[in-house]
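Asker: Predicted model follows, preceded by the sequence.
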Amino acid sequence: MKPVTPDDKLAAVVGSTPLPRTELTKKLWAYIKKNGLQDKKVKTQINADDKLKAVFNGKSKVSMFEMTKLVSGHVK
């Protein structure tokens with residue numbers, strides 16, 4: 001896959017190095033799991049901390065499917 005470059009908001013979560021979209025997704029999930037941001041009851045919901053809120057356009061909760069769409073807006 002062709003590497004993509006995260007913008008400043010996404011780089012705060014996954015780093016600023018260009019990487020393939022698959023690796024970007026892996027790093028994003030590692031961050032979510034490390035910080036316990038996956039909702040305990042509704043596993044498809046992500047509860048955003050301050051860094052992820054910036055990526056999620058200010059939303060405090062998004063679904064996994066919506067997350068993919070929102071993250072796409074933060075790569076070049």
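Answerer: It's in.

Asker: Name the nearest residue to Lys53, ignoring sequence neighbours.
Answerer: Counting by C-beta to C-beta, 6 or more residues apart in numbering, Ser60 is the residue found nearest to Lys53 once chain neighbours are left out, at 6.4 Å. Quick note: C-beta positions are derived from backbone N, CA and C, even for glycine.

Asker: contacting residues for the residue nearest the centre of the chain?
Answerer: Residue closest to the average C-alpha location in the chain (C-alpha atoms, centre = their mean): Leu28, at 4.7 Å. Contact partners of Leu28, counting by C-beta atoms under 8 Å, 6 or more residues apart in numbering, are Val13, Val14, Met67, Val71.

Asker: any idea which element it lies in?
Answerer: Under the criterion of DSSP states H and E, Leu28 resides in helix 21-34.

Asker: Counting by contacts, list what whatever helix or strand comes next after that helix packs against.
Answerer: Once helix 21-34 ends, the next helix or strand along the chain (criterion: DSSP H and E) is strand 45-47. Packing partners of strand 45-47 (3 or more C-beta pairs under 8 Å, 6 or more residues apart in numbering; DSSP states H and E): strand 61-63, helix 64-72.

Asker: With distance to Lys2, mean neighbour count and mean pLDDT as added columns, please give those in CSV.
Answerer: Formatted as CSV, the helices and strands packed on strand 45-47 follow (distance: least, C-beta to C-beta, whole Å; neighbours: other C-beta atoms under 10 Å; pLDDT from 0 to 100):
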stretch, distance to Lys2, mean neighbour count, mean pLDDT
strand 61-63, 25, 16, 97
helix 64-72, 14, 14, 94
